[in-house]
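J.: A predicted structure for the sequence below; I have some questions about it.
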Amino acid sequence: MPKPIRKAVFPVAGLGTRFLPATKAMPKEMLTVVDRPLIQVVVDEAREAGIEHFIFVTGRNKAVIEDHFDKQYELESTLRKRGKSAELDLLELDLPGAGETSFTRQQEPLGLGHAVWCARQLVGNEPFAVVLPDMVMKASPGCLAQMVQVYETRNGGNIIAVEETRWEHVHRYGVVGAKDWQDNHFTINQMVEKPKREDAPSNLIISGRYILQPEIFEILDRKEAGAGGEIQITDAMKRLMDVQPFHGLKYEGTTYDCGDKVGFLAANVAHALEREDIAPAFRDELDKILQAHGGKISWT
Ligand code: UTP
């Protein structure tokens, strides 16, 4: 049996410039999918996958994330006095246990690879997951749980969740080459950051969930800047691929890129339509909006 995946790193130190002004004083990761902050959605996914220790790499203006994962005595006592037991239960359920969270700082947003490197002392010498909170994966079982299963089937190594994108969009993403497919997982034999369509080994893109071996930290230690002058996790993974196996999982589910306005709005619609408490009323509202746009929302 490979070493279990007990820890997950959540990089939340980015500037969220695509969501300004919303993210001027508030972290992007506290934007909500219906009524759940993005960071809560991904912590839930990690818990479902068996993660026991949640490591947040935060930056300026991110203290509210730490508060979110703490008890709020005043609020709880008010809810108790008002007999709001459903709300109280919900808050209790969402909270990781005492001692299960750690927070560290990335003092400057030098890139995702650098943010992961900032967690090295907290992770130590064991395999771990990296979960990007702005990539919301709607899946059952959750994407990370599916990855842990592949990690066990493939007897360890590094695992990356991938999904298909349209060929004309491959230049926007990290793309992997695939061989030796077994069901929906495969060996990764290439990794290319933002390739031209004609150079892309496939249309399978890296989509925001990783299981990595701790040797990645030795490579990130070199602090080599890549695309955009940032320290990129993909560059470090490419180097690690020379000495360790990497597997891809084409996971079952749908990804919403909530770092992007359209993806964020789509995630909200998709989740709202599946919420028993609001779906009927929300469908009516959507119908009205569609009718106001001539039955079809289209700008042509
Ligand atoms: P993004 O590039 O999507 O986030 O990084 P960003 O930089 O905050 O957003 P934009 O592009 O300016 O709108 C993906 C994840 O990695 C974290 C971000 O917080 C986000 O959750 N990240 C990124 C860091 O923690 N540190 C970094 O230096 C860069």
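T.: Thanks, I have the structure now. No experiment lies behind these values; they were computed from the predicted model shown.

J.: remind me which residues of this structure are low pLDDT?
T.: Under the criterion pLDDT under 70, the flagged ranges of the chain are 296-300.

J.: residue ranges of the helices in it, please?
T.: 38-48, 63-68, 73-81, 85-94, 112-117, 120-123, 143-153, 216-220, 233-240, 261-272, 279-292 (DSSP state H).

J.: so how far is the first residue of stretch 147-163 from its last?
T.: Length of stretch 147-163, first residue to last, C-alpha to C-alpha, to the nearest Å: 13 Å.

J.: How far does that stretch sit from its chain's centre?
T.: 16 Å (C-alpha atoms, centre = their mean, to the nearest Å).

J.: Numbering from 26 from now on, please.
T.: All right, first residue 26 from here; so that's stretch 172-188.

J.: Can you give me the buried ones in it?
T.: For stretch 172-188, a neighbour-count test (16 or more other C-beta atoms under 10 Å) marks 172-173, 175-176, 179, 181-188 as buried. Every residue, glycine included, has its C-beta placed from N, CA and C.

J.: what do you get for stretch 258-275?
T.: Buried residues in stretch 258-275, defined by neighbour count with 16+ other C-beta under 10 Å: 258-266, 271-275.

J.: My guess is Phe79 contacts Ser127. True?
T.: Yes. The pair Phe79 / Ser127 is scored as a contact, 7.4 Å apart, by C-beta atoms under 8 Å.

J.: contacts for stretch 99-115?
T.: Stretch 99-115 has contacts (C-beta atoms under 8 Å, 6 or more residues apart in numbering) with Leu116.

J.: end-to-end on that stretch?
T.: Rule used - C-alpha to C-alpha; the end-to-end distance of stretch 99-115 is 16 Å.

J.: Pull the distance from that stretch to the chain's centre.
T.: 30 Å.

J.: got it, and stretch 124-135?
T.: 16 Å.

J.: just stretch 259-266 next, same as before
T.: 19 Å.

J.: re the thing from before, go through the buried residues of stretch 258-275 and say which is closest to Glu249.
T.: Asp260 (6.6 Å; C-beta to C-beta).

J.: Tell me, how many residues neighbour Tyr276?
T.: When neighbours are counted by other C-beta atoms under 10 Å, Tyr276 registers 24.

J.: what's near enough to touch it?
T.: Tyr276 neighbours (C-beta under 8 Å, 6+ apart): 162, 164, 168, 171-172, 186-188, 209, 234.

J.: Out of the residues you listed, which sit inside strands?
T.: 162, 186-188, 234 (DSSP state E).

J.: nearest to the ligand, of the contacts of Tyr276?
T.: Using C-beta to the nearest ligand atom, Arg234 is the member of these that lies nearest the ligand, at 11.9 Å.

J.: From Tyr198, how far off is that closest one?
T.: Relative to Tyr198, Arg234 is positioned 14 Å away (C-beta to C-beta, to the nearest Å).

J.: So these two - more neighbours on which side?
T.: Neighbours per residue, other C-beta under 10 Å: of Arg234 and Tyr198, the larger number sits with Arg234, 28 against 21.

J.: quick one on the thing from earlier: tell me the most buried of the helices of the chain?
T.: helix 137-142 (a mean of 24; mean count of other C-beta atoms under 10 Å).

J.: and that helix, is it in reach of the ligand?
T.: Yes. Counting by C-beta under 6 Å from any ligand atom, the ligand is contacted by helix 137-142 at 137, 139-140.

J.: Flag every residue of the stretch 26-175 of the chain that's near the ligand.
T.: So far as C-beta under 6 Å from any ligand atom goes, the stretch 26-175 of the chain lies against the ligand at 36-43, 53, 82, 131, 134-137, 139-140, 157-159.

J.: Near Tyr281, how many other residues are there?
T.: The burial count for Tyr281: 23, using other C-beta under 10 Å.

J.: Could you pull up the residues touching it?
T.: Taking C-beta under 8 Å, 6+ apart, one finds 160-163, 288-289, 291-292, 295 in contact with Tyr281.
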